[in-house]
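Peer 1: Return a 3D structure for these sequence lines:
(chains A, B and C)
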Amino acid sequence: MSIEDRIRTLEEIEAVRRVLAAVGATCDAPYDGAAFAGHFTEDGVMDLMEMGVYTGRAAIQEFIDGMRARVPFTMHYWDGYAIDVDGAEATATWYGFETPNLNGTAHLGGLTHDATLKKIEGCWMVTRLGQQLHFMTPYDKGWVRQRVTDQTA
Amino acid sequence: MPSERTVEQRLQRLEDIAAVRQLKHTYAKLMDAGLCHENKAWPDDRFLALFADDAIWESNVHGRHEGREALRALFAGWAARITFAKHHTIAPSIDIAPSGAEASGHWYTWETITADGQPIWLAATYNDDFVKRDRRWLIKHVRSNIQFRSPYHQGWAAEAPLPQMGA
Amino acid sequence: MASLEEKVQRLLDIQEIRDLKTQYAMYCDDQYNPDGIASLFVEDAIWDGGMFGHYEGRAAIREFFAGASDTIEFALHLTVGDKIEVDPSGTTAKGSWYIIMPATFKGPQAMWCAGTYRDEYVKVDGKWYFQNVNANLDFVSPYEKGWVAEQYTDLE
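Peer 2: Numbering: from 1, shown residues only, chains lettered A, B, ... in the order given. This is a model prediction of the structure:
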C-alpha cells in the first residue's frame, strides 16, 4: 500500500468512528430524531430485535423522537469499536451501555451493536444498524434477578 | 476532508487527533492515580502541566474556574474528599481546526468514585477545547456537563435532573 | 525526526493494536473462547490477572481461559481509554487501558468488575500480538454491595 492509501485507510476509520459517535449522541436525551435519521441512507434499516425493525429515515426518526415520551432520560456510552473499511463500504461492531429511566426506574442496559455503512458523495451513511441486548435491568435488581425489562409494553 | 491537502497535512491531522485523544486519556489516568494515591499530593505539577496557563475548567455542578492556580484549588478540594476514582473515558470525537493549532473534543465519562467513604456513579459529557503551543497539545477549556451523580445504592432515577450548561 | 513513512506506520500500528485489544474483549465475551484468545498471544506470553492468577506461555493462558467460563458465566468487557506507545523500532509497543465489566459469576451472582490493563505488544511477521497482559483490578464487587462495602469478592 502506498503512503497515500494507508493515510486514506486511517482517515476512513476515523470518519466512520465519528459518524457512529454522532449517531450515539443524537439518541441520548433529549433526542434528535432528524439528526439521528440523517446519518442513515434513505432506505436504511434499524433492527432493534425485540423492539422492532424500522426501515427508512422517516420511520427511524419517528422512533427516536418517540423516545422523548417513553424514556425521559438516557445516555448511550458507545465504544470498543472494531471498524473495517473496504473501499466505499464499512462494517463496525461496538459496545453500548445505556442508562435509561424506564417507568420512573433507573435501568442499566448492556448491548453490543453492529452496523454497515456506505460512502455516498463523500459521506459515510449507515445502511443498517443492529443490536444485541444482553441485559436491560432495573437498577435495583441487576441482570441476574431481572435480565430484561419489557420495553415494548 | 478536502483532498487537495497534501499527504503531509493529512498525516499531521491524524497525528493531532491521536495526540489530543492521548492527552485526554492522560488527564483521566493522572487524575485517577492522584485521587487514589494514599499519600496524595495532588494535583501535582505533572498533572497541571496538561493545561494551558489560562485554562478554564467548568461544569454545571462545579461552576467556572480560570487559570492554573484556580484549577489547583478546585482539584485539591476533590482530593480532600475522594479516595477512589476511575474515569472511563468513552467515545472520543475530535475536530482539529484548519489552523492545526486548535482542537475540540467531545466524549463521555462513566465514573466510579468513592467520596466521603460512599460509592457514587457519575456520568458526564465533555465538550473540551485544546490548543497547540510549542508543538505540544494542552487543555484549554474543559466543559463538563454532569448528567447524574448518584449514590451507588440509589441509582440515577431518584434525583431531579441536573441543570445543563448551554452548548 | 521520523520519516513520513514511519509516522504513517506508527498510526497504523496504534490502530492495529486497538483492534487487537477489541478482538481480545470480544473473545472474552464469547464465553472466554480459549482458542481465539490464545491466537492473540505469542508463544512465550504472560497473562497476569492478579486474583485471577498468573499464567506463562500460550498453552497455559489457553488452559486458564478454557476454565474461565466455569467461574464467569457472562461478561461484557468494555475496554476504553487507551494510551498506546509504539517503540521507535516499530516492533514492540506498550499500552494501558481501562475496563469496566458487568458480569455474572457462578451462583449466579451479578458482579461489577473494573480495572486497568498494562500490556506489552510485539509485532511478528507484520502482525501485532500480546507479549504481556497485566490486569490490575480495582474492584470485583457483588452487584448488591458495590465497591466500598465489598471491594474484592472471595472467589472460593
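Peer 1: Run through the residues of chain A sitting next to chain B.
Peer 2: Counting by CB under 8 Å from any CB of the partner chain, the positions of chain A adjacent to chain B are A:3-4, A:7, A:10-11, A:14, A:17-18, A:21-22, A:24-25, A:73, A:75, A:77-79, A:97, A:99, A:101, A:104-106, A:139-140. Every residue, glycine included, has its C-beta placed from N, CA and C.
Peer 1: Confirm for me that residue B:113 is in contact with residue B:124.
Peer 2: No: taking contacts as CB atoms under 8 Å, residue B:113 lies outside contact range of residue B:124: 11.4 Å.
Peer 1: just the buried members of the residues of chain A next to chain B?
Peer 2: Among those, those classed as buried by 16 or more other CB atoms under 10 Å in any protein chain shown are A:3, A:7, A:10-11, A:14, A:17-18, A:21-22, A:24-25, A:73, A:75, A:77-79, A:97, A:99, A:101, A:105-106, A:139-140.
Peer 1: Inside helices: which ones of those?
Peer 2: Those of those mapping onto helices are A:3, A:7, A:10, A:11, A:14, A:17, A:18, A:21, A:22, A:24, A:25, per DSSP state H.
Peer 1: quick one: the third one and residue B:13 touch, right?
Peer 2: Okay, so that is residue A:10. No: between residue A:10 and residue B:13 there is no contact under CB under 8 Å: 9.9 Å.
Peer 1: Which residues belonging to the longest helix along chain B are considered buried?
Peer 2: Secondary structure of chain B per DSSP H: the longest helix is helix B:7-36. Judged by neighbour count (16+ other CB under 10 Å), helix B:7-36 contains these buried residues: B:10-11, B:13-36.
Peer 1: hmm, it in reach of chain A?
Peer 2: Yes: legend: contact between helix B:7-36 and chain A by CB under 8 Å from any CB is shown at B:7, B:10, B:11, B:14, B:17.
Peer 1: what about stretch A:134-147 and chain C, touching?
Peer 2: Yes: judged by CB under 8 Å from any CB, stretch A:134-147 comes into contact with chain C through A:134, A:135, A:142, A:143, A:144, A:145.
Peer 1: how about the residues of chain B near chain C?
Peer 2: With CB under 8 Å from any CB as the criterion, chain B meets chain C at residues B:7-8, B:11, B:14-15, B:18, B:22, B:25-26, B:28-29, B:84, B:86-90, B:110, B:112, B:114, B:117-119, B:152-153.
Peer 1: ditto for chain A
Peer 2: Residues of chain A lying near chain C (CB under 8 Å from any CB): A:3, A:6-7, A:9-10, A:13, A:77, A:79-82, A:93, A:95, A:97, A:108, A:110, A:112, A:134-135, A:142-145.
Peer 1: Which SSE is immediately downstream of the host helix or strand of residue B:126?
Peer 2: Assigned by DSSP states H and E, residue B:126 falls within strand B:118-133. The C-terminal neighbour of strand B:118-133 among helices and strands, as given by DSSP H and E, is strand B:136-151.
Peer 1: what's around residue 96, how many residues?
Peer 2: By default, I'm working from chain A. Counted with other CB atoms under 10 Å in any protein chain shown, residues neighbouring residue A:96 total 23.
Peer 1: I was after chain B.
Peer 2: Applying other CB under 10 Å, we find 23 residues neighbouring residue B:96.
Peer 1: Surely it touches residue B:14?
Peer 2: No: look at residue B:96 against residue B:14 with CB under 8 Å: they stay out of range, at 9.1 Å.
Peer 1: Please give me every residue in contact with the spatially closest residue to residue A:1 that is not a sequence neighbour.
Peer 2: Spatial nearest neighbour of residue A:1, excluding adjacent residues (CB to CB, 6 or more residues apart in numbering or on different chains): residue A:9 at 7.5 Å. Shown in contact with residue A:9 (CB atoms under 8 Å, 6 or more residues apart in numbering or on different chains): A:1, A:85, C:12.
Peer 1: how close does residue A:9 get to residue C:12?
Peer 2: Residue A:9 is 7 Å from residue C:12, where distance means CB to CB, to the nearest Å.
Peer 1: Low-confidence regions, chain B specifically.
Peer 2: Along chain B, segments meeting pLDDT under 70 span B:1-3, B:159-160, B:166-167.
Peer 1: most centrally placed residue in chain A?
Peer 2: In chain A, the residue lying closest to the centroid (CA atoms, centre = their mean) is residue A:24, at 5.4 Å.
Peer 1: How about the contacts made by it?
Peer 2: Neighbours of residue A:24 in contact, by CB under 8 Å, 6+ apart: A:76, A:78, A:96, B:91.
Peer 1: so can I have a markdown table of those showing distance to residue C:29?
Peer 2: Shown next, in a markdown table, are the contacts of residue A:24 (distance: CB to CB, whole Å):
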| residue | distance to residue C:29 |
| --- | --- |
| A:76 | 19 |
| A:78 | 16 |
| A:96 | 13 |
| B:91 | 19 |
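Peer 1: so how many other residues sit close to residue B:70?
Peer 2: A count of nearby residues for residue B:70, using other CB under 10 Å, gives 14.
Peer 1: Wasn't it part of a helix?
Peer 2: Yes: under DSSP: H, G, I helix; E, B strand; the rest coil, residue B:70 falls within a helix.
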